[in-house]
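In: the following block contains a protein sequence and its predicted model.
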Amino acid sequence: AQKITQTQPGMFVQEKEAVTLDCTYDTSDPSYGLFWYKQPSSGEMIFLIYQGSYDQQNATEGRYSLNFQKARKSANLVISASQLGDSAMYFCAMRETLYNFNKFYFGSGTKLNVKP
Amino acid sequence: DGGITQSPKYLFRKEGQNVTLSCEQNLNHDAMYWYRQDPGQGLRLIYYSQIVNDFQKGDIAEGYSVSREKKESFPLTVTSAQKNPTAFYLCASFEGGYYGYTFGSGTRLTVV
């Protein structure tokens, strides 16, 4: 079974609008972390935001927020006020803490295009 | 500044040749990883190492080899047994706790 599922291969958003990128995960580990990374065309992976499985509040980092719904096993990334520089691939990832220690699982990514 | 250095940025290989991709980190991280990324795809784990002189196969280890003789270094060799090596290769390290990976800038390997 897939550990991380991103069902949106590509998305378009108008500049200055908000966009939600979907991510669902599958784990039986009670302790895990969820991450979002941005990959521009240059190829580098840029860390955006982290959510721990025991965190009560949704994580926020500037224009990025993570909509964490533990019962549904979803960890959607919300980008507010999209900018042209947000055009990139976005990857959701999970790290299990007790099982498969220190191993990260990545989704297949979502390519976001921001239109002027 | 601490970080991960991958070299070279671009690498061309003739069929049948082995090539080695370099990955060096000065972050004092114990765990290091190699991922392969094909165009428009996600990251697939090749090998990882939790500690010096120890490493484990990931999901797609066939045709690759690694060594971890020093904490700072985790080179990846793409052997002639790897039938389709053209891809983007990313090295990462991890310090533990509730943090994510630190990634290198990647090596783009092309077989000519």
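Out: Done, it's in. Numbers count the residues shown, from 1 in each chain, chains lettered A, B, ... in the order given.
In: how far off centre is stretch A:89-107?
Out: 11 Å (CA atoms, centre = their mean, to the nearest Å).
In: now that stretch: buried residues?
Out: Using 16 or more other CB atoms under 10 Å in any protein chain shown as the test for burial, stretch A:89-107 gives A:89-97, A:103-107. Glycine gets a C-beta too; all of them are placed from N, C-alpha and C.
In: could you check whether the worst-scoring helix or strand of chain A on mean pLDDT is close to chain B?
Out: Scoring the helices and strands of chain A by mean pLDDT, DSSP states H and E places strand A:104-106 at the bottom, with a mean of 89. Yes - residues of strand A:104-106 contacting chain B under CB under 8 Å from any CB of the partner chain: A:104, A:106.
In: could you do stretch A:54-73 as well?
Out: No - using CB under 8 Å from any CB, stretch A:54-73 never reaches chain B; the gap is at least 9.4 Å.
In: buried stuff in that stretch?
Out: A:59, A:64-68.
In: now stretch A:108-116
Out: Using 16+ other CB under 10 Å as the burial criterion, the residues of stretch A:108-116 that qualify are A:108-110, A:112, A:114.
In: of these, which ones also sit close to chain B?
Out: Among the buried residues of stretch A:108-116, the ones lying near chain B by CB under 8 Å from any CB are A:108-109.
In: counting by contacts, list what the least confident helix or strand of chain A packs against.
Out: Other helices and strands packing on strand A:104-106, by 3 or more CB pairs under 8 Å, 6 or more residues apart in numbering or on different chains; DSSP states H and E, are strand A:88-96.
In: contacting residues around the strand it packs on?
Out: If you take CB atoms under 8 Å, 6 or more residues apart in numbering or on different chains as the criterion, strand A:88-96 is touched by A:3-4, A:6, A:21, A:23, A:25, A:27, A:29, A:31-41, A:45, A:48, A:75, A:77, A:102-107, A:109-112, B:42-43, B:100.
In: one more pass at 6 Å, please.
Out: Residues from elsewhere that reach strand A:88-96 (CB atoms under 6 Å, 6 or more residues apart in numbering or on different chains): A:4, A:6, A:21, A:23, A:25, A:27, A:29, A:32-40, A:104-107, A:109-112.
In: what does chain B have sitting close to chain A?
Out: Applying CB under 6 Å from any CB of the partner chain, we find that chain B lies next to chain A at B:31, B:42-43, B:88, B:94, B:98, B:100, B:103, B:105-106.
In: neighbour count and distance to B:Glu15 added to these, as a markdown table?
Out: Shown next, in a markdown table, are those (neighbours: other CB atoms under 10 Å in any protein chain shown; distance: CB to CB, whole Å):
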| residue | neighbour count | distance to B:Glu15 |
| --- | --- | --- |
| B:Ala31 | 19 | 33 |
| B:Gly42 | 19 | 26 |
| B:Leu43 | 28 | 25 |
| B:Phe88 | 17 | 19 |
| B:Phe94 | 21 | 34 |
| B:Tyr98 | 13 | 44 |
| B:Gly100 | 21 | 36 |
| B:Phe103 | 23 | 29 |
| B:Ser105 | 16 | 26 |
| B:Gly106 | 21 | 22 |
